[in-house]
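Undergrad: Quick one: sequence and predicted model below, then my questions.
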Amino acid sequence: MVAGDDVLDDIISQIGGIGKQQKIVLTCLFVIMLLHSVTHIAYVFTSMDTDYRCLIPECDGNIPDDPDWLKYAVPFTSSVDRPEKCLMYKYMNTSSKILNGSCNFSSFNKSAITPCSSYYFYDNDYYLGREFDLLCDENLWILSLVGTMNTVGMFIGLLVTGFISDRYGRKCVLIFGMSGCGVIGLIKTLSPSIVWYLVFELTEAIFSAGTCGCVFIIAIESVLPNKRALMGCILNISYALGEVLLALIAWSCQYWRSLIYYTYGPCVMIVLLYWILPESLRWTLSKGRIEESKQALRNIATVNKQKLSENTLKRLENVAEYSDNCNSHKFIEILKSKSLFWRFVNCCFGWMTCAFLFYGITLSSVSIYGNKYLDFMLISLIEFPAYLSNYYIIDKLGRRASICGSYFITFVSSICFIFSTNSSTWFYLLTYCIGKFGATAAFNSIYILTSEIFPTPLRHTVMGLCSTLGRLGSLTSPQVSLLGRWWEPLPMIMFGIMSLAAGIVAFFLPESKGIKLPESVEEAERIK
């Protein structure tokens, strides 16, 4: 009996390892991943807390944002020397309030602080906070619920999409999930209240939850082992490109409804890829659908202009018999296997840490004072060198070394941030960029490693469960970014602790560099 991966890899190498057909598939996956990135983290801007202060009707007019009299009218925060957003000194209704056409120190009573009744906005940003009147610190937790509901939706969706993908196919989950996400996202613009918006945010995330997993599974199952890291790198670059594109769109429109139209609208068209994107060959083989697999290989050979003999295709019949035996394995077999169980637990913790670091640092970046769009863009651009360098490191040093080293980079950046006091905004931004570099490389490495060390019939189920439990990390990231309002280094302290712990635990993961993808529990257990 012949191992399925050995036969299929041999046939794929004969008809073009990465030929025209594989490039078409990769292009489709690249576009889907880019759109998923844009929609997945759009809440960073739609729920963003904008810059504002109390409006002083008696004094404000056609004047600069921060006039000279402002220090007499509004308390300033001591840490960043910025006016309080929702507090002002009590206005004194006296004839001395105006001096040379402007308010002065005698216009306000500094011993009496009152809340604002109206607000002065520094920018033209119009997001959910202004739309639904969710301003000031007491309402920030409601805005943070947008990101939390997105993560809860991903959590719920990932519980089922892995099983659906392994049973009904990768393409089904991928195409209809992202198209549904686009439709619900557009409906979200009609939300009459923040409650309805949260409901649609949750539902939309459920639909798109399986996208990343399906994209990666189809990609690595379509190429030879020596090209899997390249596929992972290219797809992750598309995700980073989507983040940069999101920042540019948000910067240009600065209105939450327009942002959703531009980002979710194209997702509806993904349904057209159903007739272009093929199903995963390894999945059809694992289900014993031999004739469908043969026809798919013929199509690949035709597009790549390669010859494929019927004798070569007959070798797949042995693969079908082998796959029938492999399909007898259920997820419970992984739980029964001591080595695979602890491997699964280790991967789940790694995913949780990566999600916590990646999204936590990303969300915290818009809290740095300065241009929030530019800050977010710079934090996103750092992913490009992270993915490119990780592509070479992961094949030279291996997956495990790459994961551990990446966590260490994030840990060091956290330490630098914690022990830097009264530093410039650019230094803080630099530490965030270095931390994001490490988190990005770690995420890329553990994504590839997890997809290589579990058997084909259960691969997406395991990926889905790891990603689901990993969402516990991203679930807390919107709340963690708020902790910096009480003590600025606190988020980075938490990032440092988690990255150090995950780096130590990752030493116990197996190495999967250059291995054949396992098709059974027994083959997976032999990976050390």
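TA: Sure, I can see it. Residues are numbered from 1 along each chain as shown.

Undergrad: What's the biggest strand in this structure, counting residues?
TA: The residue-count maximum for a strand in the chain (DSSP state E) belongs to strand 108-115.

Undergrad: tell me which residues in the following helix or strand past that one are buried?
TA: Sequence order places strand 119-121 as the next helix or strand after strand 108-115, per DSSP states H and E. Residues Tyr119, Tyr120 are the ones in strand 119-121 that count as buried (16 or more other C-beta atoms under 10 Å). The way it works is simple: take the backbone N, C-alpha and C, and place the C-beta from them, glycine included.

Undergrad: For the helix or strand immediately after strand 119-121 in the chain, give me every contacting residue.
TA: Using DSSP H and E, the next helix or strand after strand 119-121 towards the C-terminus is helix 128-131. Here helix 128-131 makes contact (C-beta atoms under 8 Å, 6 or more residues apart in numbering) with 46-50, 121, 134-135, 139, 143, 146, 194, 197, 256.

Undergrad: and of those residues, the nearest to Glu84?
TA: Nearest to Glu84 among those is Leu135, at 12.1 Å by C-beta to C-beta.

Undergrad: Make sure that closest one is actually in contact with Tyr52.
TA: Yes. Using C-beta atoms under 8 Å, Leu135 makes contact with Tyr52 at a distance of 7.0 Å.

Undergrad: measure Gln254 to Ser380 for me?
TA: 18 Å (C-beta to C-beta, to the nearest Å).

Undergrad: more neighbours, the two?
TA: Ser380 (25 against 17; other C-beta atoms under 10 Å).

Undergrad: any idea how far the helix or strand where the more buried one lies is from the chain center?
TA: Per DSSP H and E: Ser380 is located in helix 372-381. Centroid separation for helix 372-381 versus its chain: 15 Å, with C-alpha atoms, centre = their mean, to the nearest Å.

Undergrad: So which residues make contact with that helix?
TA: Outside helix 372-381, the residues that touch it by C-beta under 8 Å, 6+ apart are 44-45, 48, 240, 243-244, 247-248, 250-251, 361-362, 365-366, 368, 429, 432-433, 436.

Undergrad: from these, which ones fall inside helices?
TA: Applying DSSP state H to the contacts of helix 372-381, the entries found in helices are 44-45, 240, 243-244, 247-248, 250-251, 361-362, 365, 429, 432-433, 436.

Undergrad: The nearest residue to Lys513 once chain neighbours are set aside - how many residues pack around it?
TA: Of all residues not flanking Lys513 in the chain, Gly398 sits nearest, at 4.5 Å (C-beta to C-beta, 6 or more residues apart in numbering). Using other C-beta under 10 Å, Gly398 has 17 neighbouring residues.

Undergrad: Gly398 contacts Pro510, doesn't it?
TA: No. Applying C-beta under 8 Å as the test, Gly398 and Pro510 come out as separate, 10.1 Å apart.

Undergrad: Near the residue lying closest to Leu308 once chain neighbours are set aside, how many other residues are there?
TA: Closest residue to Leu308 apart from its sequence neighbours, by C-beta to C-beta, 6+ apart: Ala301 at 3.9 Å. Ala301 has 21 neighbouring residues, counting by other C-beta under 10 Å.

Undergrad: before we move on, the earlier item: what helices or strands is whichever helix or strand comes after the helix holding Ser380 leaning on?
TA: Once helix 372-381 ends, the next helix or strand along the chain (criterion: DSSP H and E) is helix 383-396. Applying 3 or more C-beta pairs under 8 Å, 6 or more residues apart in numbering; DSSP states H and E, one finds that helix 383-396 contacts helix 228-253, helix 399-418, helix 425-452.

Undergrad: on that earlier part again, what pLDDT does the model give the residue nearest to Leu308?
TA: pLDDT for Ala301: 83.

Undergrad: Next: Asn62.
TA: For Asn62, the predicted pLDDT is 59.

Undergrad: swap in the one 3 residues further on?
TA: At Asp65 the predicted local confidence, pLDDT, stands at 62.

Undergrad: Tyr126 touches Gln254, doesn't it?
TA: Yes. Shown here, Tyr126 and Gln254 form a contact pair, counting by C-beta under 8 Å, at 6.6 Å.

Undergrad: if we can go back for a sec, got the contact list for the residue nearest to Leu308?
TA: Shown in contact with Ala301 (C-beta under 8 Å, 6+ apart): Ile15, Gly16, Lys307, Leu308.
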